[in-house]
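Student: Predicted model follows, preceded by the sequence.
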Amino acid sequence: MAHAYVTFRIRLAKHALRRFAASLRGSAEIILLVFTHAMVGLLALAALPPMYASSLPLAQALGIQAAYALLMTAPLALLRKRVLPQDVVHWVHRLPVPRRVQLKADALVAGLLAGPLGLMYLVSGTLLMYQQPAWLAPAPAILGTLLSLALTWLFSIGVLSLRSRMVSTSHWWHAAQRAPSHYVHAALRPRTLALWRRLFWLPYWRADNIVGWQQSVLLAAAVASALPWMQAPPGVIRALLALATCTLMVLVTDRGDKAVREQAARLAPLIAAWPLAPRALMVLARGFSVLPALLVVLVVFAGGFHHGLWQHPAGRAWLVLAVAGQLLLVGLPYVNERTRVGLVIAQILVLTAVGSELWP
Amino acid sequence: MAMSQQVQVQVESLGFRFGARPVFTDFSLALGPGIAWLRGPNGKGKTTLLKLLAGALAPHTGAIRLGGHDCARDALAYRLQAFFCGGDLPDLPWLTVQEFLDLHLALYPGTDAALVGQQMEAFGITEVLPQLLSTLSLGQHKKVQLSLALALPVRLLLLDEPFNGLDAAAIGYLRAQLAARSEAQDSIIVLTSHVDPQVPVARTLDLA
């Protein structure tokens, strides 16, 4: 019979994954629709790096195996705060759970998360075996794939073990600061902006909240797609960059607006007790969530200006649709998840279609 | 604090329910300056009544007035005169204590910041100012809330289990502060407590 702590950790991990899947439902549908072909391609090639590495000299092979296993550990590293929340880490720290049992729980949870990867390797490896490329030596390739899976599992255990030993860095950080001798009031000016910062900016960066980083990554990826798109690369690359830019731009607005709406709902009972008319604060919060997308539009505009794209009707239509679409997403009152997903997908498709006509 | 000596909170024919479960039906109450001790078994609506009096919950029927301001019609003016101090978990866990206090001082513009500092020092928690609220112990969190509550220039102070988690020195200090306010007769204090609060109580309300 498994130790109660091990059972708890597995239940916690399953619960975290279910919640994560539920929170992604809207975006997952969008990504599946837009990137289905790319995802099928990625699935088919999942086992290629470890299998190919097995055909190389040992030093190169080990380097590729380690790098690929690290890459495959990234999803777990990103999900670690959900799988093992900070308050659970604190709670467990006080419990008399032997280190051996903690390690067993980490290993099982890592295995739970590495399981789907094993299935992907199986499908991909079977496909590659069937195709029999010239470099493929079956026995070393299978061993290489198993080694990659084992390395990913070990790295995942390492990530979870580090997490479970990380007893709040904020305690340490604050303890390291010199304790103040008295309270000095810092006036909030301008008031609405300062309230927004405390209620709709700081929460996304603190207390295990990953929304701030998530939005930063989406924005950086959107700008990173927009810049080469506006260099007018030839053929299919341009089309792919247009698709990536439009998708990421719409997603950054969609996810940002969702986070703001959730935070507004969380704050509603508190604000109900405050002597505060919340309208200006809410308008500012909702308005801010559209700014990242407008920055992407600005990057596209600046890049396209050089090529004279905005002198053509298609260019002007793209600009208007891009701005209006983002404003529509954040300006809409509550709509159900299906309608919202439909709206997001329609925006991505229309913007990509019009965007592919920018160069006459 | 320059406040009217005739401050009064009036609850008229209050009706409130959670879903289909009625909590208050045709409930009326009038409270003047001084301390009112609200007591009763768990789940009988003590905290709900405090939140209704604070303006945080809206009555389904009836009216609540404080100093001539109706909690529904003059909501902002009403809430400016009332403060609910309660809950054992932080409402804004991502903020530091300093940020939490600054935020509330921005919401209640007439507050004397020096008085907040004095209360913090009296409770002995000045050193937690840079800490996140989520890292405070129950007692520290309670002291932060009370430091703020005792410094705000409100007419109606609603304290939900204010002695929970406090050390002996803090309990003594809080009792002295409440006694002084009771004597000054310049505000209404409604507190819930399962044990005798040992303060000069003007009225005891039983929610059975």
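Tutor: It's in.

Student: Skipping adjacent residues, who's closest to the closest residue to chain B within the stretch 251-360 of chain A in space?
Tutor: Among the residues of the stretch 251-360 of chain A, A:Ala273 lies closest to chain B, at 3.4 Å counting by C-beta to the nearest C-beta. For every residue, glycine as well, the C-beta is placed using N, CA and C. Leaving aside its sequence neighbours, A:Ala273 sits nearest to B:Ala56 (C-beta to C-beta, 6 or more residues apart in numbering or on different chains; 3.4 Å).

Student: Dump the strand or helix carrying A:Gly315 to CSV, keeping only the CA atoms.
Tutor: According to DSSP states H and E, A:Gly315 maps onto helix A:313-331. The C-alpha trace of helix A:313-331 is given here as CSV (Å, rounded to 0.1, in the frame of the first residue of the first chain):
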residue,chain,number,x,y,z
PRO,A,313,-6.3,48.7,-49.5
ALA,A,314,-5.3,45.2,-48.0
GLY,A,315,-2.7,46.9,-45.8
ARG,A,316,-5.1,49.4,-44.4
ALA,A,317,-7.8,46.8,-44.0
TRP,A,318,-5.3,44.6,-41.9
LEU,A,319,-4.5,47.5,-39.6
VAL,A,320,-8.1,48.4,-39.0
LEU,A,321,-9.1,44.8,-38.5
ALA,A,322,-6.2,44.1,-36.2
VAL,A,323,-7.0,47.1,-33.9
ALA,A,324,-10.8,46.7,-34.0
GLY,A,325,-10.5,42.9,-33.3
GLN,A,326,-8.5,43.4,-30.2
LEU,A,327,-10.7,46.2,-28.9
LEU,A,328,-13.7,43.9,-29.6
LEU,A,329,-12.2,41.1,-27.5
VAL,A,330,-11.6,43.2,-24.4
GLY,A,331,-14.7,45.4,-24.9
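
Student: elements contacting that helix?
Tutor: If you count contacts as 3 or more C-beta pairs under 8 Å, 6 or more residues apart in numbering or on different chains; DSSP states H and E, helix A:313-331 packs onto helix A:235-271, helix A:279-288, helix A:291-307, helix A:337-355.

Student: about what we covered before: dump the residue contacts of the residue nearest to A:Ala273.
Tutor: Contacts for B:Ala56 (C-beta atoms under 8 Å, 6 or more residues apart in numbering or on different chains) come out as A:Pro269, A:Leu270, A:Ala272, A:Ala273, B:Phe84.

Student: Take those residues and write them to a markdown table, including neighbour count, pLDDT and distance to A:Pro228.
Tutor: Output for the contacts of B:Ala56, formatted as a markdown table (neighbours: other C-beta atoms under 10 Å in any protein chain shown; pLDDT from 0 to 100; distance: C-beta to C-beta, whole Å):
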| residue | neighbour count | pLDDT | distance to A:Pro228 |
| --- | --- | --- | --- |
| A:Pro269 | 12 | 91 | 47 |
| A:Leu270 | 14 | 92 | 45 |
| A:Ala272 | 17 | 92 | 48 |
| A:Ala273 | 19 | 93 | 50 |
| B:Phe84 | 26 | 95 | 55 |
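
Student: Could you pull up the contacting residues of residue 149?
Tutor: Going with chain A. Applying C-beta under 8 Å, 6+ apart, we find A:Leu149 in contact with A:Ala114, A:Leu117, A:Gly118, A:Tyr121.

Student: looking at chain B here, not the other one
Tutor: Going by C-beta under 8 Å, 6+ apart, B:Ala149 touches B:Phe83, B:Cys85, B:Leu157, B:Leu159.

Student: quick one: secondary structure of the third one?
Tutor: To tie it back to what came earlier, the one meant is B:Leu157. strand (DSSP: H, G, I helix; E, B strand; the rest coil).

Student: Surely it is in contact with B:Gly86?
Tutor: No. B:Leu157 lies out of contact with B:Gly86 (C-beta atoms under 8 Å); the separation is 11.0 Å.

Student: which one among the contacts of A:Leu149 gets closest to chain B?
Tutor: Nearest member of the contacts of A:Leu149 to chain B, counting by C-beta to the nearest C-beta, is A:Ala114, at 31.7 Å.

Student: surely the closest one meets A:Trp153?
Tutor: Yes. With contact defined as C-beta under 8 Å, A:Ala114 and A:Trp153 form a contacting pair (4.8 Å).

Student: Show me the beta-bridge partners of B:Leu158.
Tutor: Under the criterion DSSP bridges, B:Leu158 forms beta bridges with B:Phe84, B:Val190.

Student: show me what contacts it?
Tutor: Counting by C-beta under 8 Å, 6+ apart, B:Leu158 makes contact with B:Leu50, B:Lys51, B:Leu53, B:Ala54, B:Ala82, B:Phe83, B:Phe84, B:Cys85, B:Gly86, B:Ile189, B:Val190, B:Leu191.
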